[in-house]
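K.L.:
Give me a 3D structure for the following:
(chains A and B)
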Amino acid sequence: MPFEATINEFVEALTEPSRPTPAQTLGREGRPDARRFAVYRNNVAVGLIAALEMRYPVTRRLVGDAFFRAMARAFVAANKPGSPVLILYGAEFPAFVGTFEPAREIAYLPEVARLENAWVESYHSAEAVPLELSDLAAIDPERLGEIVFGFHPAVRLLRFAHPAASIWAAHQGPGEPVPPEGWRSEDALVARPHADVVVTILPPGGYDFAAALMAGDPIAEAASLLAGEGVDPGPHLVGLIEAGAVFGFR
Amino acid sequence: MSPQPHAPTRIAAPLPARAGVGLKPEHIDAILIEQPDVGFFEIHAENYMGDGGPPHRRLEAVRALYPLSLHGIGLSIGSPRPLDREHLMRLAALASRYEPGLFSEHLAWSTHDRGFLNDLLPLPYTEETLAVVCAHIDETQEALGQRMLLENPSTYVRFAESSIPETEFLAEIARRTGCGLLLDVNNVEVSATNHGFDAIAYLDAFPVEVVGEIHVAGYAEAEDEAGHRLLIDAHDSPVRAGVWALYERLVTHIGALPTLIEWDNETPDWPTLHAEARRADRLVAEVLASRKAEVFRHAV
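P.N.:
This is a model prediction of the structure:
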């Protein structure tokens, strides 16, 4: 059998467990052996499930090992990595969790997963030295409103209908997690000001302000969103810079 | 703003002829604090293909103190499809950044139309597949600007159309491309058991003169449909006695080489892993000492 045909048949049997063991693959008895071929099928699934377990530790803790494994197995069966760089694999998992019927009742689960994915993306992002407050001193105060910020590559901005960031934070470390005090929506900023990733829960107005700046709005325009609600943009501006979210300005 | 810090002063790249271990994120703190006496560290290239962040900062710190072996697991050299040029460029960038003493990959494939299948999958050994693998190795060595090592696989099936013995296939690849070989002794034990051939005869037939690195590891056990013992290359436990015996035999014949303890799953704490590396170093020292004594006995 030509090389290409042998490999095609191998892949089909590998990815569709209902298919028979490829006739070209032999065991010690000189014939196909389903248990031998199953080692390959199992390796593919187990390795990819392990990658998801590593990327989504809190999601896993929230539903338990067995539930998570079943959910991950369903995702893996339908989604093979697009590249050998597995640190990129599983970014679509939060959306899958949102459609996974057995998890439907845990409405905050896909949101926690979304935060975990943002954390990993931030962790692997390019290096950049964040802007410091003192860097703004050089700007003519008259011109401050016209400034457009550039954001650090590690920044991710997230909006949740549930207290997903508080739930995530409560599940860091080995201790018994404490439920969030109030059940409200939350917005979060993920950044990497120095070596480590930091998750900050944003105060009211913070998300819209940051989202406008990230979309390229000048400061005055982003601030006008807050002024309508009677919120002082100053602390939001300082907060973003102190979180290491801003990389430069023009 | 200059985000890329200058590379700190580094130890020289070449791997010493002694034991090294796979670098695990959970061990890096202990390694940087204790600076243990280990020959080298090996990384899976794909784990360091992010743009930046803590993994690169920590790897830079380790690289300053130790030689590095760059071990690829996703290039899919044994595939009938063309190599992924983008992946090859990522590998070349990583090699130029960290100056590894060695780069190695597998005689296996992992990428197809369905995506990356995340396992080292087997291929038939024929004149056709030999030509494909050689072309892929030429392309890789050219992209990296250095000689690579190709690792012998562990397999659970063989192919009906295979017409060339594995050792001959590997020897011919090395001859045609000028690449070296990575001899994984655990893979020899696993494949020998799984296919019912003699591991010692395999080692005797292996082109040891082009071997640049050795791997040893632990395996898991199962059974096939016919009730034959089926060993699984699990890297989840200590090196088994049979593998140490093959390693000892190999070192007796060819001398000391950089040797990796592969323990990637169920990874133990740092002292346990380090002890496994020290065991390999001790074994080599004993073999070389007794060889010297024998030479002396014959000389007088």
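K.L.:
Stretch A:30-37: end-to-end distance?
P.N.:
From its first residue to its last, stretch A:30-37 covers 14 Å (Cα to Cα, to the nearest Å).
K.L.:
got the contact list for it?
P.N.:
Stretch A:30-37 is touched from outside by A:13, A:20-23, A:25-27, B:156-157, B:194, B:222-226, B:230, with contacts defined as Cβ atoms under 8 Å, 6 or more residues apart in numbering or on different chains. In this view, the C-beta of every residue, glycine as well, is placed from N, C-alpha and C.
K.L.:
Residue in chain A with the shortest distance to chain B?
P.N.:
Checking chain A residue by residue against chain B with Cβ to the nearest Cβ singles out residue A:84 as nearest, at 2.4 Å.
K.L.:
And the pLDDT at that residue?
P.N.:
Here the pLDDT value assigned to residue A:84 is 97.
K.L.:
Contact partners for residue A:94?
P.N.:
Residue A:94 makes contact with A:110, A:111, A:113, A:114, A:116, A:117 under the criterion Cβ under 8 Å, 6+ apart.
K.L.:
Go ahead and confirm the third one touches residue A:93.
P.N.:
What that stands for is residue A:113. Yes - between residue A:113 and residue A:93 there is a contact under Cβ atoms under 8 Å: 6.1 Å.
K.L.:
Between the two, which contacts overlap?
P.N.:
The overlap between the contact sets of residue A:113 and residue A:93 (Cβ under 8 Å, 6+ apart) consists of residue A:56.
K.L.:
Now do the same contact list for residue 147.
P.N.:
Defaulting to chain A. With Cβ under 8 Å, 6+ apart as the criterion, the residues that contact residue A:147 are A:139, A:218, A:219, A:249, A:250.
K.L.:
Switch to chain B, please.
P.N.:
Taking Cβ under 8 Å, 6+ apart as the criterion, residue B:147 is in contact with B:141, B:178, B:179, B:180.
K.L.:
How about the contacts made by the last one?
P.N.:
Residues counted as contacts of residue B:180 (Cβ under 8 Å, 6+ apart) are B:147, B:148, B:149, B:150, B:174, B:210, B:211, B:212.
K.L.:
and if you look at the first one?
P.N.:
Taking Cβ under 8 Å, 6+ apart as the criterion, residue B:141 is in contact with B:147, B:148, B:177, B:178, B:179.
K.L.:
and the fourth one, how many residues sit next to it?
P.N.:
Here the number of neighbours of residue B:178 (other Cβ atoms under 10 Å in any protein chain shown) works out to 13.
K.L.:
and the gap between it and chain A?
P.N.:
Distance of residue B:178 to chain A, given as Cβ to the nearest Cβ, to the nearest Å: 23 Å.
K.L.:
and the closest residue to that residue other than its chain neighbours, what pLDDT?
P.N.:
Ranked by Cβ to Cβ, 6 or more residues apart in numbering or on different chains and with sequence neighbours excluded, the top spatial neighbour of residue B:178 is residue B:147, at 6.5 Å. In this model, residue B:147 is scored at 98, pLDDT.
K.L.:
now residue B:147: how far from chain A?
P.N.:
The span separating residue B:147 from chain A equals 22 Å under the rule Cβ to the nearest Cβ.
K.L.:
how about that residue, secondary structure?
P.N.:
Recorded secondary structure, residue B:147: coil (DSSP: H, G, I helix; E, B strand; the rest coil).
K.L.:
So what does it look like in phi/psi?
P.N.:
When read as degrees, to the nearest 10, the backbone of residue B:147 gives phi -70, psi 140.
K.L.:
How about the one 4 residues further on?
P.N.:
Backbone geometry at residue B:151, expressed as degrees, to the nearest 10, gives phi -90, psi 140.
K.L.:
Tell me how many other residues crowd it.
P.N.:
Applying the criterion other Cβ under 10 Å, we find 23 residues in the vicinity of residue B:151.
K.L.:
So in terms of bridging, what pairs with it?
P.N.:
When bridges are assigned using DSSP bridges, the partners listed for residue B:151 are residue B:106, residue B:182.
K.L.:
residues making contact with the helix or strand of chain A with the lowest mean pLDDT?
P.N.:
The weakest-scoring helix or strand in chain A, judged by mean pLDDT, DSSP states H and E, is helix A:219-227 (a mean of 90). Surrounding helix A:219-227, the residues in contact under the criterion Cβ under 8 Å, 6+ apart are A:144-149, A:205, A:208-209, A:212-213, A:232-233, A:236-237.
K.L.:
Inside helices: which ones of these?
P.N.:
The helices in this structure, assigned by DSSP state H, contain A:208, A:209, A:212, A:213, A:233, A:236, A:237 from the contacts of helix A:219-227.
K.L.:
Now list the buried members of those residues.
P.N.:
Under a neighbour-count criterion of 16 or more other Cβ atoms under 10 Å in any protein chain shown, the subset of the ones in helices among the contacts of helix A:219-227 counted as buried comprises A:208, A:209, A:212, A:213, A:233, A:236, A:237.
K.L.:
Pull the contacting residues for the last one.
P.N.:
Same thing as residue A:237. Counting by Cβ under 8 Å, 6+ apart, residue A:237 touches A:209, A:219, A:223.
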